[in-house]
Every structure is written in structure tokens, then in C-alpha cells.
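> I'll drop the sequence and a predicted model, then ask my questions.
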Amino acid sequence: MPELTSDRETFRYRSVEKHITQMIQTGALSLGDRLPSLRKLSTNLGMSISTINQAYLELERKGIIESRPRSGFFVRRNSTRLPRTEKSPSSMKEPRPVTRSGLIQSHLEAVGREDDVPLAVIAPGPELLPLRELGKITAGIIRDDPARAMHYAPIPGCPELIRQIAFRSMENGIPSAIDEPVITAGCLEALYISLRSTCRRGDTVLIQSPTYYCFLQLLETLGLRAIEIPSDPENGVSPADLAHALSTFDIAACVLAPNYNNPDSSLTPDEAKQEIVRLLAERDIPLIEDDVSTDLYFTPNRPGTYKQFDQKGLVMLCSSFSKTIAPGYRVGWVLPGRFRKKVLEIKATTNVCTASPSQMAIAEYLRQGRMERHLKRLRRALEKQMDTMQFHLKRYFPAGTRVTHPTGGAVLWLELPRSIDSVDLSYKARAQSIGIIPGVVFSTQDKFSNYIRLSCGAPWSEKLREGLEKLGKTTHDLLNLQEK
């Protein structure tokens, strides 16, 4: 780097450094983004190109940005975020009852709270949802067809919504008959009905670990036992681990989330999905697939599903619109395969049908072709929010902290230093109106006690930054207490 000749020059290029750093901190620049050209920033800031170049070279020396021949300067991805979370050790144990309800329920209280720093509940911020469009569509439906909107829908669901979901499934390479989907009150009801359709009290269900805590609550409610196989944050579920479990235990069904698993955001490769479906088909074991986050991919192509490899009708794909367009509408669905008759029987005796106005509104939204444009905007926003959060996690959290580097979804899985008790941390965070979910609720075993799950659904804001800073300080304080 050229030697500086004056304090004034030092101040000028340092101010450029600060300007670029602030753009990264506020989310104006995300990991991997291209920086403004030397000429453009020179014009915007009223400084010489040589001063801007000197600042960029210093930022490059510090590892914050990188130059690419003939392309310019870019924010480095790996330098501005924590190391990756590693795969947890495999510890397959005997099937065991699920006993996490009390702790899970205490953290579900965060749902619907608007005063907390929104790091606990996975849902896009209202700014990212098509509120105006859906509001107009819903108002029009109630005004123009009040009799149908206020009446019971058919048990399988609104026929137009069923058709639209079947069309979208087929467009995404998922085989579906035009009348196969059954509409549910969110994805969780789809999972509940699928478990009831395939299992009896006392049966053993295979799950990945970590897994969504509401799956565990469902198993507990239905009197089912769980056998866990590890989920790798990078590669999801291994067919070898699944084959070992199948040869060791009497498995009635599997519940797996191959794409952006909650909480570790793991993505099971399509080749592994195909092999897993084959292994289960050999034993005629149903696979209940949580597909709720697949549309939130950051890569060029949408990942495949277990369902697209299903040739025997054993895969029951469950999904919803809660993570994409309308959390409060509570509209989900299941592609039940060979279990459709049983699914309809259970649906009818659970709540008869899903609410008509929300079904009709989403059906019309899909019919108008609005979904794909919205999803493109949503994916870009979520990736940007996740990148910005990664940057600040590195700023505020203690050495030894690791985090997943997802390629989709809306959550980060944070591994804290081993001495940190995530349950203790979650209660201290709650006292500061910060919502987080401790890692222990994502397994039936005593694992992940030093992990937390953070949602990236809310757009970046000063409130979020302050919340992460406070959470990082609380983590530092707990660590210091342990070391005394």
C-alpha cells in the first residue's frame, strides 16, 4: 500500500472504509455483493479515485472484501461470518417417549407477540408479504360471493385451490393427480393427519436430529416413540444412517424435512433422497415429508423432493403457504398418495374442513399468476437478511461460536461455546424481550444444549441489530461467569 503523506489523507480513506463497513452492517451490502465502482464512489463521496482505491485495498487486506479481475470488488462471504456448525456426533439410541411439551409450550408463547425482537418465530416480516394484493382479493371474494365464502368448503378443500396446488406440484416435478391434494389448516395439521393415518399409539417413528420441535410435540400428543438419526448441516440425512436404523428397529413411519430442515437448514442431496425413498419402499414404510421451506431456495434451481421419487404412493408430502405468503391464513395441504381415503376420514373428524375465505383467496392469488414473482422477491430478501445477520453474529458473539451457512430457508442454527446453557440463555433473552429457541427442544435426547435457533424472517432493522448485540453480550456474560 502506498505510504500516507498526511493525517488528512488518512482521515479521508478511513472515512471511506467506515462508509463501506456501515453499508455492510446495515444490510445495504450483503455477503457476495459487488461494491460500487471506484469512479462511482469517487463521484458520490466527492473524493479522488486514488483515495477510494486505497480504502478498498485496506478493506481487502483486512479480509472484508475481495477483488475479482475485470469484475471489481466484492464483499467476502467467509470473512464476514462465523465458521460453519459441524455435524453433531451420531448417537442412535433405543426408541424413547417424547417428553419436551412443557419447555416447547413455554417458547410457543412467543407466537403472535409483536413487542419482542423477532428471532424466535419463523415467518416473513409483514413488509415481505403480499398483504395489499391478498387483502383486495379477500375483500372482493367476500363482497362478490358471500354465500360460498361463509359456507363450509368441501372436506378435501376448495376445488380451485386443489387444482392450483396440483398444477404447481407438477410444474415442480412432483407427480400429483389433479384431485390428489387435501387442504389442511397449515402444514402442522397436514403432519398430524399424516401421522394418524400411518401410525398407532406406541409405534416408533424415525426422525432426523435436530428436528422441528412441533414434530416432537405431535409424537408426544399421539403417544408415539421416536428414533433419531443425525442430520448433517451440510448434507441432511444419510441413506446409510437410515438403512442402519431400519435394520435395527421396527419403524412404522418416517418424518423427514429434506430441504432446509428446521432448525439446521440442512439440504439432503437429490441422489440421497432417491436412495432413501427406495430403502423405505422395499419395506413398505411411509415417509411423511415436510416440504414447507422448499420454495425458499437461494440457489439457481429448486431442490427436488422425496415425493418426486415415489412410485408406490408411500410419500405423503406436507406443505403450506405460511412461510411464503400468508402465515395467518393457516392454509396448508398434503399430497397423501395411497393414504388419501384415510386422510379424508381423519380430516372430516378433526375439523370438517379448512376455512373457506382463506382457501378461496389463495386460490385466486395463484390463478392470477402472482406467486412466482412474489417468491423471487421474497427469496432475495431472505438471503440478504440472513447474510446481514451472519455479519453481525460475528461482531457480537464470543470466540468459538459457529453457525450454519444455509442455501435457503429462513433460520440459522447457532452453536455456542460448550459451557453455555441455551435454556438459561433463552430465559435471560426473554427478560430483554428477545425471542430465541434453545437447542434442547429439537431432540428427544440430551443434545444441543449449547445451540440456539434464530429466525431470519424479519427485515433487517436497528431493533434487530440492538437485539443481536444484547444477545451477544448476554452470551459473553454467561461465558465469563462459567470461567470464574
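Great, that's in hand.
> isn't residue 295 up against residue 324?
Yes - here residue 295 reaches residue 324: they are 5.6 Å apart, a contact under Cβ atoms under 8 Å. Placement of C-beta: from N, CA and C, glycine included.
> between these two, what contacts are shared?
residue 375 (Cβ atoms under 8 Å, 6 or more residues apart in numbering).
> what's the nearest residue to residue 68 if we skip its chain neighbours?
Leaving aside its sequence neighbours, residue 68 sits nearest to residue 74 (Cβ to Cβ, 6 or more residues apart in numbering; 6.1 Å).
> check contacts around that neighbour.
Counted by Cβ under 8 Å, 6+ apart, residue 74 has contacts 32-35, 65-68.
> among those, who's most crowded?
Among the contacts of residue 74, residue 65 has the most neighbours (other Cβ atoms under 10 Å), with 26 neighbours.
> which non-adjacent residue is nearest that one?
Closest to residue 65 by Cβ to Cβ, 6+ apart is residue 59, at 4.6 Å.
> and the one you found, what element?
helix 49-61 (DSSP states H and E).
> other SSEs contacting that helix?
helix 7-25, helix 38-45, strand 65-68, strand 72-75 (3 or more Cβ pairs under 8 Å, 6 or more residues apart in numbering; DSSP states H and E).
> now do the strands in the stretch 101-250 of the chain.
Here the stretch 101-250 of the chain has its strands, by DSSP state E, counting those that start in this stretch, at 182-184, 204-209, 225-232, 236-237.
> by mean pLDDT, flag the weakest helix or strand of this structure.
Taking mean pLDDT, DSSP states H and E as the measure, strand 96-97 is the helix or strand of the chain with the lowest mean score, a mean of 58.
> care to break this protein down by domain?
Split into domains by automatic domain parsing, the chain comes to 7-80, 131-369, 374-483.
> which residues sit against stretch 57-72?
Counting by Cβ under 8 Å, 6+ apart, 1, 13, 17, 20-21, 24, 34-35, 37, 56, 73-76, 79-80 sit against stretch 57-72.
> those residues: which two are farthest apart?
1 and 34 (22.3 Å; Cβ to Cβ).
> re earlier: CA atoms of the helix holding residue 59 as PDB?
The C-alpha trace of helix 49-61 is given here as PDB (Å, rounded to 0.1, in the frame of the first residue of the first chain):
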ATOM      1  CA  ILE A  49     -10.300   7.700  -7.200                       C
ATOM      2  CA  SER A  50      -6.900   7.100  -5.600                       C
ATOM      3  CA  THR A  51      -8.400   7.700  -2.100                       C
ATOM      4  CA  ILE A  52     -11.200   5.200  -2.800                       C
ATOM      5  CA  ASN A  53      -8.800   2.700  -4.200                       C
ATOM      6  CA  GLN A  54      -6.600   3.000  -1.100                       C
ATOM      7  CA  ALA A  55      -9.600   2.300   1.100                       C
ATOM      8  CA  TYR A  56     -10.600  -0.700  -1.000                       C
ATOM      9  CA  LEU A  57      -7.100  -2.100  -0.800                       C
ATOM     10  CA  GLU A  58      -7.100  -1.700   3.000                       C
ATOM     11  CA  LEU A  59     -10.500  -3.500   3.300                       C
ATOM     12  CA  GLU A  60      -9.100  -6.200   1.100                       C
ATOM     13  CA  ARG A  61      -6.100  -6.500   3.300                       C
END
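> and it, what's buried?
Along helix 49-61, these residues count as buried under the neighbour rule (16 or more other Cβ atoms under 10 Å): 51-60.
> longest helix of the protein?
helix 371-396 (DSSP state H).
> contacts for the helix or strand that it is followed by, please.
Heading C-terminal from helix 371-396, the first helix or strand you meet, by DSSP H and E, is strand 402-403. For strand 402-403, contacts defined as Cβ under 8 Å, 6+ apart pick out 81-86, 390, 393, 412-415.
> same check on stretch 458-474?
Contacts for stretch 458-474 (Cβ under 8 Å, 6+ apart): 25-27, 117-119, 125, 127-128, 381, 384-385, 388-389, 392-393, 395-398, 425, 428-429, 432, 434, 436.
> quick check, pLDDT for the residue nearest to residue 316 when sequence neighbours are not counted.
Setting aside the residues directly before and after it, residue 316 is nearest to residue 194 in space (Cβ to Cβ, 6+ apart), at 4.5 Å. On pLDDT, residue 194 comes in at 98.
> same question, residue 172
For residue 172, pLDDT reads 93.
> mind checking pLDDT for the spatially closest residue to it that is not a sequence neighbour?
Closest residue to residue 172 apart from its sequence neighbours, by Cβ to Cβ, 6+ apart: residue 302 at 6.1 Å. Model confidence at residue 302, given as pLDDT, is 96.
> what ranges do the strands span in the stretch 251-400 of the chain?
253-256, 287-290, 315-320, 332-335.
> any idea which of those strands gets closest to residue 265?
Nearest to residue 265, of the strands of the stretch 251-400 of the chain and by Cβ to Cβ, is strand 287-290 at 12.9 Å.
> for the closest one, the averaged confidence score.
Averaged across strand 287-290, the pLDDT comes to 98.
> packing partners for that strand?
So strand 287-290, by 3+ Cβ pairs under 8 Å, 6+ apart, packs with helix 186-198, strand 253-256, helix 270-283, strand 315-320.
> which elements pack onto the shortest one?
Taking 3+ Cβ pairs under 8 Å, 6+ apart as contact, the helices and strands that strand 253-256 lies on are helix 186-198, strand 204-209, strand 287-290.
> if we use 6 Å, what do you get?
Packing partners of strand 253-256 (3 or more Cβ pairs under 6 Å, 6 or more residues apart in numbering; DSSP states H and E): strand 204-209.
> alpha carbons of the strand it packs on, as CSV, please.
C-alpha atoms of strand 204-209 as CSV (Å, rounded to 0.1, in the frame of the first residue of the first chain):
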residue,chain,number,x,y,z
THR,A,204,-41.9,-45.9,16.6
VAL,A,205,-41.3,-43.0,14.2
LEU,A,206,-37.9,-42.2,12.7
ILE,A,207,-37.0,-38.5,12.7
GLN,A,208,-33.8,-36.6,11.9
SER,A,209,-31.9,-34.9,14.7
